[in-house]
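Enquirer: below is the sequence, then the predicted model.
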Amino acid sequence: MSDDHIKIALQAYSSKRIHYMGWSSVNTNMLQILAKHSQFSGRYIVSQPSGIKGPVQMIGAKIEQYETVKNWINLCQVMHTKVCMINGPSTVRYQKLIDCQTRTLVPAKDHPYVALSYVWGSIPEIFKFTDVSEQLPTKIPRTIEDAITVTQKLDFRYLWVDRYCINQQPDDEQGDKGKAYQVRKMDLIYMNAELTIIAAAGSNPNYGLPGVGHQKRKSPHLTTCTRIGKHFLITTADTPTTSIRGTKWDARGWTLQEALLSRRRLVFTEEQMYFECYGMYCCESLKFPFENMHRKDKQGFKQSFCENGLVGVFPKGIGRTDLEIVRVIEKYTKRTLTNSDDILNGILGILNAFERSDMEVKHYMGVPILPPMTRAPYRGDISKQVQGWTRQWGSLSVYAGT
């Protein structure tokens, strides 16, 4: 075998024997590509009965309609009445939203809204915002412009974007209207959003959301199929984990809490849209019987469709035990921040959420303080905390490396 050729092996499968990502919910024949140093290695070739009719959906360079996403959101709202719902909106004082119809900044009140999670990066001076007007600038970065388009396509009117909705003036001038106060409320801002749009593609806010506006999607293997005899063959896309992991969005410090605290996430990758809430996951390229994949209580997918305790790509909220905060902080320390002054602010929303939860995890300047435990958490045991806090003397040592 020369260097110009790649040896490719094919393995035959029945989808009923493949649980991950929901394949066992359909009945079709599949081949898996196994080849070293091939961009298609690990993907499946699916035999479909009639062209584009089957579990694998054709994806164009641009998104033609958003009905599929609206159906995902509606399914979550109707079925996940416990895991994905909050007890009434709790807007942050002085919070503002972009009215996508008038392109003005308005008080949040109790408006249902969409939030945006994206990479700041460097942008041209033309996009700078100075807080001198309640009117959105004529020219805004493409990612934000595309987010406005998606918000309206999904029948929402209001969008929250930190660059425009957070007052950039310091607190000593604006008090509760200032930047620092809003940053301390990031947990409520993302938890209260009906949906968070995640821009996982690109390295700056002018890249755009693939398939929405200027930026086209890169999924040539999902735009055509091949006919061999009576069979139509089409290749699947990479798993969402592969498409999201390794992106600049996934490496940034701020985006960790934005993903964890959001109840519903619509991720735009280079290839397709991916939806995940606290109960289910959905890929634009795969059409599965999502309702049948749910447990009897309808609050989420059956365990057989999940892996490693996750619903899909993201953790289900901040965690179930007080020790989860240690794991989250460990993940956060591997992320990057442009401004070192944001080290605490970038995780403050998660710390707030832990403090409000039943676990009541306190912190001092980002250092977690766990409640007393009645037994040690050996062998994966869940720690059981004493109800309530008592006054105790103790010491806290913080070591700063040089």
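Expert: Thanks, I have it. Quick caveat, the model's predicted, so the values are computed rather than measured. Residues are numbered from 1 along each chain as shown.
Enquirer: I'd assumed W23 was in contact with P289.
Expert: No - with contact defined as C-beta atoms under 8 Å, P289 does not reach W23; the gap is 11.8 Å. All C-beta atoms are positioned from the backbone trio N, CA, C, and that covers glycine.
Enquirer: which one of these two has more residues nearby?
Expert: Neighbour comparison, P289 and W23: the larger count goes to W23, with 23 against 11 (by other C-beta atoms under 10 Å).
Enquirer: show me where pLDDT drops low in the stretch 251-400 of the chain?
Expert: Filtered on pLDDT under 70, the stretch 251-400 of the chain yields the residue ranges 373-400.
Enquirer: tell me where it has strands.
Expert: 264-268, 273-277, 281-283, 362-364, 367-369 (DSSP state E, counting those that start in this stretch).
Enquirer: ok, which of these comes nearest S15?
Expert: Nearest to S15 among those is strand 281-283 (14.5 Å), distances taken as C-beta to C-beta.
Enquirer: strands paired with that closest one, and their directions?
Expert: Note on strand 281-283: by DSSP bridges, its sheet partners are strand 273-277 (antiparallel).
Enquirer: and the end-to-end length of stretch 87-94?
Expert: 20 Å (C-alpha to C-alpha, to the nearest Å).
Enquirer: same question, stretch 48-60
Expert: Across stretch 48-60, first to last residue, C-alpha to C-alpha, it's 18 Å.
Enquirer: can you tell me what sits against it?
Expert: For stretch 48-60, the external contacting residues (C-beta atoms under 8 Å, 6 or more residues apart in numbering) are 15, 23, 26, 28, 46, 211, 217, 219, 222-223, 225, 231-237, 271-272, 284-288.
Enquirer: what are the phi and psi values at Y66?
Expert: Here is the backbone geometry of Y66 (degrees, to the nearest 10): phi -120, psi 20.
Enquirer: isn't it up against K153?
Expert: Yes - applying C-beta under 8 Å, one finds Y66 in contact with K153, separated by 4.4 Å.
Enquirer: list the contacts of stretch 141-152.
Expert: Stretch 141-152 is contacted from outside by 66, 98, 100-101, 103, 114, 116, 118, 123, 127, 157-159, 161, 163-164, 197, 199, 202, 204-209, 212-215, 266, using C-beta under 8 Å, 6+ apart.
Enquirer: any idea of the mean pLDDT for it?
Expert: Average pLDDT, stretch 141-152: 97.
Enquirer: hmm, back to that, select only the buried ones of the contacts of stretch 141-152 in ChimeraX?
Expert: To isolate the buried ones among the contacts of stretch 141-152 in ChimeraX, judged by 16 or more other C-beta atoms under 10 Å, type:
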select :66,98,100,114,116,118,157,158,159,161,163,164,197,199,202,204,205,206,207,208,209,212,213,215,266
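Enquirer: inside strands: which ones of the contacts of stretch 141-152?
Expert: 98, 114, 116, 158-159, 197, 199, 266 (DSSP state E).
Enquirer: show me which pair in those residues is furthest apart.
Expert: Spatially, the most separated pair among these is Y158 and A199, at 18.2 Å (C-beta to C-beta).
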